[in-house]
Every structure is written in C-alpha cells, then in structure tokens.
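Trainee: Pasting a predicted model and its sequence here:
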Amino acid sequence: MKTRWYLILPALCAISLLSSPATAKKESAAAHAIRQCYQNMASAINHRDFKGYLKYLSPQYKGVGTNGRVYSYQQEKSSMVMVVNSLKNIQAIFSIQRIHVTGNHATVIVLGKISGINPNAPKPVKILAEVKSRDLWHKTAKGWLNYLSKDLTNHLIINGKTVKR
C-alpha cells in the first residue's frame, strides 16, 4: 500500500504551526517545575520528611476521594503521618501521565504509589496503595502548590491481593 503523503503533509504542517516554540517552551518549563515538585514530594515521603511533603500543598488544599468524601489539608497531613509512621521500607513514586498548563494553573493526571511493610501485624504485611488522581496546581509566590486532588482510582493491595473497601 502506498503512503499518500499529499494527504498527511497538510496535517503535519498544521500541527507544527499550532505549536509555537515560545508557548511550548513556557509550558515545558512549568511542566518541568511541577514534575520536580512530585519528585520532591516522593523523596520527602521516602525520608519521612512531612514538612517537605506538605510544603507542596496549599493551606487551602482539598482532597476528594473516589467516594466523594472531601478532606482538608489537616486531614491529609494526619493521614500521611499515620501511613508513613506505620510502614517500614517505605517507597513512594509519582508517575505523571499528563500535564496541561494554562498560565498559572495546571491540571495533572498522576499515579501515586506508596509501598512498605507493616511490621505491627502478627506476620509482617506488604502494603501497596495506588491512587490515580487529577491534581490542580496554582503558581504562587512560593512556587507551584497543589490545591485540589480528586482521586480517580484508589486501590489497596495487601500481600499481592487487592482489598475491597
């Protein structure tokens, strides 16, 4: 089958014209800064540095669970302290699936994974929490801050088996 370049070429030209280098560069710098925020948050969790994790959340931060329950900055802080303090060999990873930046606002689809071993059970228990969320960020004088996180999926896996909640 022959490729019909005369059909494809106009589409390629249109795409290249729509993505101006100045806009791409600006969004790329913002996207890079947000990626760095997620890397720093994961590192803070791995080092049990709660202040390091929380500094990327707006004081007005709200989270929304898959069940629609809304939780505050203070509740996120308490939850993170409880989870991190209950696990040994903790490992946090954030994998960004998509970033869309518009001016000082960004929407990020991210898969967060926190794993570790709960040594307080009769037999040590391997735990993995996977949460896919849509996070809304705003650029402030302090840098990029996450002010809303809506869970799209939330899975808890214990010793390799998904637990229904």
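Mentor: Thanks, I have it.
Trainee: now the helices for this structure?
Mentor: 5-18, 21-46, 50-54, 73-86 (DSSP state H).
Trainee: Could you tell me the least trusted of those helices?
Mentor: Across those, helix 5-18 has the smallest mean pLDDT, namely a mean of 41.
Trainee: for this protein, which residue is closest to the average position?
Mentor: V110 (3.8 Å; C-alpha atoms, centre = their mean).
Trainee: Okay, the closest residue to S72 other than its chain neighbours and K150: tell me how far apart.
Mentor: Distances taken as C-beta to C-beta, 6 or more residues apart in numbering put K62 closest to S72, at 6.5 Å, once the chain neighbours are dropped. Backbone N, C-alpha and C define where each C-beta goes, glycine included. Counting by C-beta to C-beta, to the nearest Å, the gap from K62 to K150 is 9 Å.
Trainee: So which of the two has more stuff around it?
Mentor: K62 (18 against 15; other C-beta atoms under 10 Å).
Trainee: can you tell me which residues contact that one?
Mentor: Counting by C-beta atoms under 8 Å, 6 or more residues apart in numbering, K62 makes contact with V70, Y71, S72, Y73, Y147, L148, S149.
Trainee: Which of those residues has the largest number of neighbours?
Mentor: S149 (22 neighbours).
Trainee: looking at it, that one is touching S58, isn't it?
Mentor: No - shown here, S149 and S58 do not form a contact pair, counting by C-beta atoms under 8 Å, at 10.5 Å.
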